[in-house]
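[1] generate coordinates for the sequence data below:
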Amino acid sequence: MAQRDPNEPVYMIGIAAQLTGLHPQTVRLYERLGLVTPHRVSNKNRLYSETDIDRLRQIRRFTQEMGVNLAGVEIILDLLQKMERLQEELETARERAAVLSARRLPAAGQ
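    All right, here's what the predicted structure looks like:
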């Protein structure tokens with residue numbers, strides 16, 4: 001069975017709300033604040049992906065379990081995104097360094 005792309009928009013707002021334990025109006029508020037950006041179908045209906053559902057669950061955890069306000073959630077999500085991007089850049093740099101190091105080893109032995 002083929003695995004679904006986690007970024008594929010598949011859930012209507014009612015299902016997204018049910019999956020996350022949030023009220024649909026809360027999900028709409030998070031969209032208005034830019035905390036989540038669902039895919040739009042015909043500029044009318046919102047469709048949420050698994051990635052969006054995970055993000056909504058994360059926002060719920062920050063606000064309901066950790067007591068973070070929405071301004072704080074925005075900052076945390078931005079920092080997490082930056083950390084993820086930096087981690088990817090670090091991995092790329094390490095791979096390049098390994099390739100360069102492997103190329104230099106034979107020359108160093110001569």
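
[2] residues contacting the nearest residue to P38 once chain neighbours are set aside?
    Spatially, and ignoring its direct neighbours in sequence, P38 is nearest to R46 (4.1 Å; CB to CB, 6 or more residues apart in numbering). C-beta coordinates here come from the backbone N, C-alpha and C atoms, glycine included. Counting by CB atoms under 8 Å, 6 or more residues apart in numbering, R46 touches M12, I13, A16, E31, P38, H39, R40.

[3] tell me where the chain has helices.
    13-20, 24-32, 50-60, 70-108 (DSSP state H).

[4] for A2, which of those is the nearest?
    helix 50-60 (14.3 Å; CB to CB).

[5] pull the CA atoms of that closest one into PDB?
    Written as PDB, here are the backbone C-alpha positions of helix 50-60 (Å, rounded to 0.1, in the frame of the first residue of the first chain):
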ATOM      1  CA  GLU A  50      -1.500  15.500   8.000                       C
ATOM      2  CA  THR A  51       1.300  18.100   8.500                       C
ATOM      3  CA  ASP A  52      -1.400  20.700   9.200                       C
ATOM      4  CA  ILE A  53      -3.100  18.300  11.700                       C
ATOM      5  CA  ASP A  54       0.200  17.800  13.500                       C
ATOM      6  CA  ARG A  55       0.800  21.500  13.700                       C
ATOM      7  CA  LEU A  56      -2.700  22.100  15.100                       C
ATOM      8  CA  ARG A  57      -2.100  19.400  17.700                       C
ATOM      9  CA  GLN A  58       1.200  21.100  18.600                       C
ATOM     10  CA  ILE A  59      -0.600  24.500  18.900                       C
ATOM     11  CA  ARG A  60      -3.200  22.900  21.100                       C
END
